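Undergrad: okay, here's the prediction I keep looking at, along with the sequence it came from:
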There are 4 protein chains.
Amino acid sequence: MKKIYFFLTILMLSGLNTYASQVDTIQVHSAAMNKTYKAAIVLPESYAKSKKEFPVLYLLHGGYGHFDDWLRKTPDPMLVKNLADQYNVIIVMPEGEIFSYYIDSPVDPNSKFETYTVKEVIPFIDSKYRTVKDKEGRLITGLSMGGYGALYLSTRHPDQFAAAGAMSGALDPNMTTWNLSPERFKGLTTFLEKTFGPMTPDNYLPYSVVNMADQIRRNGLPLVLDVGVEDFLLEPNRELHRRLVYNHTPHDYTERPGGHTWEFWQAALPSQLMFFSKVLKANNTAVQ
Amino acid sequence: MKKIYFFLTILMLSGLNTYASQVDTIQVHSAAMNKTYKAAIVLPESYAKSKKEFPVLYLLHGGYGHFDDWLRKTPDPMLVKNLADQYNVIIVMPEGEIFSYYIDSPVDPNSKFETYTVKEVIPFIDSKYRTVKDKEGRLITGLSMGGYGALYLSTRHPDQFAAAGAMSGALDPNMTTWNLSPERFKGLTTFLEKTFGPMTPDNYLPYSVVNMADQIRRNGLPLVLDVGVEDFLLEPNRELHRRLVYNHTPHDYTERPGGHTWEFWQAALPSQLMFFSKVLKANNTAVQ
Amino acid sequence: MKKIYFFLTILMLSGLNTYASQVDTIQVHSAAMNKTYKAAIVLPESYAKSKKEFPVLYLLHGGYGHFDDWLRKTPDPMLVKNLADQYNVIIVMPEGEIFSYYIDSPVDPNSKFETYTVKEVIPFIDSKYRTVKDKEGRLITGLSMGGYGALYLSTRHPDQFAAAGAMSGALDPNMTTWNLSPERFKGLTTFLEKTFGPMTPDNYLPYSVVNMADQIRRNGLPLVLDVGVEDFLLEPNRELHRRLVYNHTPHDYTERPGGHTWEFWQAALPSQLMFFSKVLKANNTAVQ
Amino acid sequence: MKKIYFFLTILMLSGLNTYASQVDTIQVHSAAMNKTYKAAIVLPESYAKSKKEFPVLYLLHGGYGHFDDWLRKTPDPMLVKNLADQYNVIIVMPEGEIFSYYIDSPVDPNSKFETYTVKEVIPFIDSKYRTVKDKEGRLITGLSMGGYGALYLSTRHPDQFAAAGAMSGALDPNMTTWNLSPERFKGLTTFLEKTFGPMTPDNYLPYSVVNMADQIRRNGLPLVLDVGVEDFLLEPNRELHRRLVYNHTPHDYTERPGGHTWEFWQAALPSQLMFFSKVLKANNTAVQ
């Protein structure tokens, strides 16, 4: 991280004059992958007016996607920005590539997104922005593959996060738990195998977040899960919920109408922010 | 409803000078029961400054309780008032007596709280306050017995409500579905039998909201359910959720940490308000 | 039922000389439908050697099927005959047509299989064979549509049966609860609509056995349910099981490996016979 | 195992003259524990008339119990003997002490019942009786703690057993998953801690059979589980079933009426024998 990173700034996605939150698109280098990826950062309106350190929410995108999905694809284009303003949090959307699963791939040495996200993006953000620089003010969630990433990373790095969430989380790379047509199944298999190797139990079991329920209990991180009852990933989400109930791990679990869609994620994100804001208040890291 | 009772006894429960929402304790007569009961009304800060018609949330108390529980028992004494302010809704807390279940009792002619709530309280509120006077701006929820009441009344009077909720809802008077110690079971039985008659299936089945899942589907009201995984009423809540999933009724269902406590209800109510505010926006009855 | 149809066409399906149970194919007239249908009857080996009255198991076939499926399609062609011998029961396999659902169709006046099975087949069998002539020795089960039939008929005519079962029961004509590909869904819809009318909730809800859980509880018949975890009808079977657990109705419920196949039904039927034999012993109608 | 063991024979528990199966009470020494325990063996009637090698079912007793429970406590005193006759299997009932859980205790060096059962009892039985001497003809099941033992031992020694079962299995030493009154909870804790050490997750998690679902899948042993819907151990049984469905492990799972009682186990054992007999037939180790 010795090299110099410059801001590309500043993409105002809204034409409203009254709108004041700031969206930066920056570049964050990965020494581990020897490559530079973009990230988007939303600073709340209050950031510029304040000298306080702000909590940061890492908001991960899903499969087939990229860092700016959350800014471009929600039905309400102001969703992320309004939530940053409402809760006075910085929202960082890093790159996870189309199927990295935010892991250090056991088969592709060029795909090290666990290292990138935790060891490279987070320190970079903390060095460039006025953030709460420890776990007490750092949150992580995401949709689908990003929900997986949020739980996988927070479970393996509990010293880094105050709370974690998943929306329609692809919590188990074992695709036999997904309710898919044979065509979609086949298409996704190709992508997943690039990251995890051949889809055998020996390969995917070590990466299943569903199987990490006891580690999640040990960590004791506040947890919030949202999934749609028509989602093809409903079963792995229910399974994690049941295991967390079974082993008495406190968590919020919501089933809502809807499927694997941006309408669903737009409905879920505000609810997750409400959850996270309570964690920040309890940690005394909320900006009032 | 011939006589009019109206008190303005403005009970400021908070000493904060900066606080501006108004809490009225009024009296609402019941012609059906030939008796007068108190109710509490929280008007949002914006009410006095505006000429708009405001949506109304009916917020019902639980068993052993009374109309002012929601103002007196939440750990944060400002909870209801802050939510009224935040979402610009009038919140009405009517009396439901300690075990009326908000039904017209088949065995006690002096207990007619279905009639009272729907035919007497609602018209009275609409006549005395600047409200949205039809279902598009009227919401109902409650805790425990009040959650039962909210679902029972909205299911039987779908023309009166835009949406309904329940927190730790006592959704099924069939106490064999409750996870209670024998002592508590016995104590509660005495109370329930005063309202429903002897606790036989013939007596309680017609009143089970769990058994109304197909009517709920037909009505199509937006629905939000919250229950704690340690609640003795978890099973009936899960059962209604499963039946609504089974018959494809859209609804939000959340399991959270906690039991049958005010801590839980304080955590659940803001989430239900967030849900209701989306309904109001969709109905164009929200006050911005 | 004035005329008598009786064939002794003894179809020995096995070439084993040592095998002695008898299979009759008879004709049973329906006055209600003004039509005559075949039925198969397996008499246990002990029947000819005895003067006792024998209990009778009505064993119903599934959709797309006919009365002799259970004799022709099991991987072990001796299955039904061996079970008749082992448990000393007469096994009657009546006709249910390819999609009658064993109901009196509300839309097709020529399809009255509830009347036929209960009012015409049973009395005919009791008049022609040495049977236990009341409910204490009469059992009913079936596969898929036949499992539906067994539960539907026994629930509506609890005075006629000592116990009932279903294997892979098509317990709910609401096809949205079936896990089918769009193609199969469409094909089946055409058939079901001939029996139930257009697939609207108003048409199918009154016929859902899942919705009859409280009537099943009231009847108190011993009940045995088997379903495969890969069956497209798994969900309605689980739902009925859950509702029977919820309302405290004693029943045996088994999930086994397998799907909607004859291998599964061959595995399930002996287990159901073991269950039924206990009922007969308790009723003193078993032939030792 | 060099020493000489002599038969103590022969406790005829029934006075029926026509009864011919043989019950031996033998002593099986444990070198590991330096102690000798009794075991009961039921030889089917066919054993004496035959020169064939017979399959063996190991049938384990529960907590607070001893080796002869299955012969003394079933409502029908002939249950085990009749099943041995009906299915032509030797049934061995070894000692498991009142709370050994059939494990090698990590805290009590004198309690080594995993070693005893697998390394000492099985070879002894195979050396003294005309048995199928490999896994193809060896089965194991039990009730409560014995159901735990059957699954724990077969999961850790899949080379030793053809199939395994559990009836009301105490599958998880994590007592927070048991539905017990505080008094019974306390009493049982004392016993469990002698075997597992203090009831902390670090101590009990490695011994939870529920957590071994992926190892069970890998082993691929046929599996049969029975539990009563009123059993205080229902939840861990459901949880294992769900995990085995989730990871696609074939198994039979039955919920029946009843609780943690001998009536239930008497109803479940014949069903488990029917299951095991199919395994033996498939393995060509059944005696016809």
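TA: That came through, no problem.

Undergrad: now the helices for chain A?
TA: A:45-48, A:69-72, A:79-87, A:113-115, A:122-128, A:145-156, A:182-196, A:201-204, A:213-219, A:234-246, A:262-283 (DSSP state H).

Undergrad: dump the ones you listed into a markdown table; add mean pLDDT, distance to chain B and mean neighbour count as well.
TA: The C-beta positions use only the backbone N, C-alpha and C, and glycine is treated the same way. Formatted as a markdown table, the helices of chain A follow (pLDDT from 0 to 100; distance: least, CB to the nearest CB, whole Å; neighbours: other CB atoms under 10 Å in any protein chain shown):
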| stretch | mean pLDDT | distance to chain B | mean neighbour count |
| --- | --- | --- | --- |
| helix A:45-48 | 96 | 17 | 17 |
| helix A:69-72 | 98 | 19 | 20 |
| helix A:79-87 | 98 | 10 | 21 |
| helix A:113-115 | 98 | 28 | 21 |
| helix A:122-128 | 98 | 28 | 17 |
| helix A:145-156 | 98 | 17 | 27 |
| helix A:182-196 | 92 | 22 | 15 |
| helix A:201-204 | 94 | 27 | 15 |
| helix A:213-219 | 98 | 13 | 18 |
| helix A:234-246 | 98 | 5 | 22 |
| helix A:262-283 | 98 | 6 | 20 |
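
Undergrad: can I get the ones you listed in TSV with distance to chain C?
TA: As requested, these are arranged in TSV below (distance: least, CB to the nearest CB, whole Å):
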stretch	distance to chain C
helix A:45-48	46
helix A:69-72	29
helix A:79-87	32
helix A:113-115	35
helix A:122-128	42
helix A:145-156	24
helix A:182-196	9
helix A:201-204	18
helix A:213-219	22
helix A:234-246	12
helix A:262-283	20
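
Undergrad: distance to residue A:60 added to those, as a markdown table?
TA: Below are the helices of chain A laid out as a markdown table (distance: least, CB to CB, whole Å):
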| stretch | distance to residue A:60 |
| --- | --- |
| helix A:45-48 | 21 |
| helix A:69-72 | 9 |
| helix A:79-87 | 13 |
| helix A:113-115 | 10 |
| helix A:122-128 | 13 |
| helix A:145-156 | 3 |
| helix A:182-196 | 15 |
| helix A:201-204 | 20 |
| helix A:213-219 | 17 |
| helix A:234-246 | 16 |
| helix A:262-283 | 11 |
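
Undergrad: tell me, how many neighbours does residue A:107 end up with?
TA: 12 (other CB atoms under 10 Å in any protein chain shown).

Undergrad: ignoring the adjacent residues along the chain, who's closest to it?
TA: residue A:197 (4.3 Å; CB to CB, 6 or more residues apart in numbering or on different chains).

Undergrad: number of residues surrounding that neighbour?
TA: Neighbours of residue A:197 under the rule other CB under 10 Å: 15.

Undergrad: tell me the phi and psi of it?
TA: When read as degrees, to the nearest 10, the backbone of residue A:197 gives phi 90, psi -180.

Undergrad: what residues are up against it?
TA: Neighbouring residues of residue A:197 by CB atoms under 8 Å, 6 or more residues apart in numbering or on different chains: A:106, A:107, A:203.

Undergrad: repeat that for 10 Å
TA: If a contact means CB atoms under 10 Å, 6 or more residues apart in numbering or on different chains, then residue A:197 has A:105, A:106, A:107, A:108, A:203, A:204 as its contacts.

Undergrad: and the residues you listed, which two are furthest apart?
TA: Greatest spatial distance in the contacts of residue A:197: A:108 and A:204, 15.0 Å, computed using CB to CB.

Undergrad: do you know how far the residue nearest to residue A:107 is from residue B:123?
TA: 68 Å (CB to CB, to the nearest Å).

Undergrad: pull the number of nearby residues for residue A:64.
TA: 12.

Undergrad: ok, and the closest non-adjacent residue to it?
TA: Once flanking residues are discounted, residue A:64 sits nearest to residue A:98: 5.3 Å by CB to CB, 6+ apart.

Undergrad: tell me the phi and psi of the one you found?
TA: The phi/psi pair for residue A:98 (degrees, to the nearest 10) reads phi -70, psi -30.

Undergrad: next one: it from chain B, what distance?
TA: Going from residue A:98 to chain B by CB to the nearest CB, to the nearest Å gives 31 Å.

Undergrad: same check on residue A:103?
TA: 29 Å.

Undergrad: residues touching that residue, list them.
TA: By CB under 10 Å, 6+ apart, residue A:103 lies in contact with A:96, A:111-115, A:117, A:148-149, A:152-153, A:156, A:173, A:195-196, A:206-207.

Undergrad: what's the answer for residue A:143, then?
TA: A:59-63, A:65, A:69-70, A:73, A:149-150, A:165-170, A:226, A:260-262, A:264-265, A:268-269 are the contacts of residue A:143 under CB under 10 Å, 6+ apart.

Undergrad: please redo it, this time with the cut-off set to 6 Å
TA: Neighbouring residues of residue A:143 by CB atoms under 6 Å, 6 or more residues apart in numbering or on different chains: A:62, A:167, A:168, A:265.

Undergrad: in the stretch 1-150 of chain A, what residue lies closest to chain C?
TA: residue A:144 (22.2 Å; CB to the nearest CB).

Undergrad: on that earlier part again, relative to residue C:215, which of the helices of chain A is closest?
TA: helix A:234-246 (29.9 Å).

Undergrad: now check that closest one, is it near chain D?
TA: Yes. Contact of helix A:234-246 with chain D (CB under 6 Å from any CB of the partner chain) involves A:239, A:246.

Undergrad: quick one: distance of that helix to the chain centre.
TA: 19 Å (CA atoms, centre = their mean, to the nearest Å).

Undergrad: between it and helix D:234-246, how big is the angle?
TA: Calculated by axes from the mean of the first three to the mean of the last three CA atoms, to 10 degrees, helix A:234-246 forms an angle of 150 degrees with helix D:234-246.

Undergrad: so what touches helix A:234-246?
TA: With CB under 6 Å, 6+ apart, helix A:234-246 has contacts from A:171, A:172, A:177, A:210, A:213, A:227, A:251, A:253, B:229, D:239, D:246.

Undergrad: for the residue in the stretch 51-200 of chain A positioned nearest to chain C, which non-adjacent residue is spatially closest?
TA: Nearest residue of the stretch 51-200 of chain A to chain C, counting by CB to the nearest CB: residue A:181, 7.9 Å away. Nearest residue to residue A:181 in three dimensions, chain neighbours excluded: residue C:181, at 7.9 Å (CB to CB, 6+ apart).

Undergrad: what about that neighbour, neighbour count?
TA: For residue C:181, the count of nearby residues is 11 (other CB under 10 Å).

Undergrad: tell me how far it lies from residue A:183.
TA: 11 Å.

Undergrad: from residue A:233, how far out is the residue nearest to residue A:181?
TA: 19 Å.

Undergrad: residues in contact with residue A:133?
TA: Residue A:133 makes contact with residue A:126, according to CB under 6 Å, 6+ apart.

Undergrad: no, scratch that, I was asking about residue A:251
TA: Residue A:251 neighbours (CB under 6 Å, 6+ apart): A:223, A:244.

Undergrad: could you do residue A:218 as well?
TA: So residue A:218 contacts nothing (CB under 6 Å, 6+ apart).
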